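J.: A structural model of the following input is requested.
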Amino acid sequence: MLTELKITDFVAELGSSKPAPGGGSAAALAGVLASSLAAMVARLSGEGWQEFIDKAQRLSGQLLDLVNRDTEAFNQVMEALKLPKGTEEEKRERSRALRQANRLATEVPLEVMELSLEILRLAFEVALKGNRNCLSDAGVAGLLAAAACRGAAYNVLINLPGLRDAEFASAARARLDETLKEATDLESTIADRVNCELA
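T.: Just a heads-up that it's a prediction; the model follows:
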């Protein structure tokens with residue numbers, strides 16, 4: 001499991017010649033870091049933040065799981081591509097396995113996007129109401145959550161052409177566009193808040 005590795009081992013895996021883990025797992029990890037930073041700011045902002053902290057921890061746990069699942073989804077696509085295609089039956093089985101794998105490889109980064117958007121909302125809240133001495137940390141949480149969202153979007157986009165289900169592909173694209181729009185707005189608002197206060 002990637003999330004059981006030491007940081008030094010994880011980055012070595014990421015920088016190796018193996019195609020996975022790659023950008024999808026890195027995007028999910030950026031979301032985890034963002035969520036942890038938002039929780040830290042909340043903890044340093046006095047009383048009344050426990051529900052916020054609980055939510056941040058829940059999101060962090062979900063994204064940690066997706067760090068692993070993204071790499072597993074990619075590997076599933078690679079395994080499907082290796083299936084034999086000599087007979088008609090083999091071709092049908094390979095095609096079925098590829099459709100299933102490509103769908104999973106699209107659903108996982110979509111989930112990363114949507115969870116990262118939730119973390120952006122948390123970053124906005126601590127940037128607005130949290131301890132002012134931690135405003136830079138809230139700002140970094142916003143940047144990392146936005147990067148997680150955008151990075152996951154790239155992984156959705158690269159998988160869309162491999163989907164044979166036009167209805168699912170259209171719905172995935174709509175989810176992507178809607179999520180990115182709100183993420184872009186929130187990222188900009190957080191940046192304006194941080195720059196205005198710290199300038």
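J.: Following the chain past the helix or strand residue 90 falls within, name the next helix or strand.
T.: Residue 90 belongs to helix 88-129 when assigned by DSSP states H and E. Next along the chain after helix 88-129, taking DSSP H and E as the criterion, comes helix 135-159.
J.: Run the angle between the helix holding residue 90 and helix 135-159 for me.
T.: Computed by axes from the mean of the first three to the mean of the last three C-alpha atoms, to 10 degrees, the angle separating helix 88-129 from helix 135-159 equals 160 degrees.
J.: Quick check: nearest residue in space to the residue nearest to the spatial centre of the chain, chain neighbours excluded?
T.: By C-alpha atoms, centre = their mean, the chain has its centre lying nearest to residue 112, at 3.1 Å. Nearest residue to residue 112, sequence neighbours excluded (C-beta to C-beta, 6 or more residues apart in numbering): residue 152, at 3.8 Å. C-betas here are computed from N, CA, C, even on glycine.
J.: neighbours around that neighbour, how many?
T.: 32 (other C-beta atoms under 10 Å).
J.: and stretch 163-173, which residues are buried?
T.: 163, 168-169, 172-173 (16 or more other C-beta atoms under 10 Å).
J.: Kindly report the same for stretch 187-199.
T.: Buried residues in stretch 187-199 (16+ other C-beta under 10 Å): 187, 189-190, 193-194.
J.: Sort out which of those are in strands and list them.
T.: Assignment to strands by DSSP state E places none of the buried residues of stretch 187-199 there.
J.: Just send those residues back as TSV, with pLDDT and distance to residue 76 too.
T.: Compiled in TSV, these are given as follows (pLDDT from 0 to 100; distance: C-beta to C-beta, whole Å):
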residue	pLDDT	distance to residue 76
187	97	32
189	97	38
190	97	35
193	95	41
194	96	40
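J.: Does residue 18 belong to a helix, a strand or coil?
T.: Under the three-state scheme (DSSP: H, G, I helix; E, B strand; the rest coil), residue 18 adopts coil.
J.: roughly how far apart are residue 37 and residue 149?
T.: 15 Å (C-beta to C-beta, to the nearest Å).
J.: whoops, residue 63 was the one
T.: Counting by C-beta to C-beta - residue 63 and residue 149 are separated by 11 Å.
J.: on that earlier part again, how far away from the center of its chain is the helix holding residue 90?
T.: Chain-centre distance of helix 88-129: 8 Å, with C-alpha atoms, centre = their mean, to the nearest Å.
J.: List the buried residues of stretch 112-128.
T.: Buried, per 16+ other C-beta under 10 Å, within stretch 112-128: 112-127.
J.: mean confidence score for it?
T.: Taken as a whole, stretch 112-128 has a mean pLDDT of 98.
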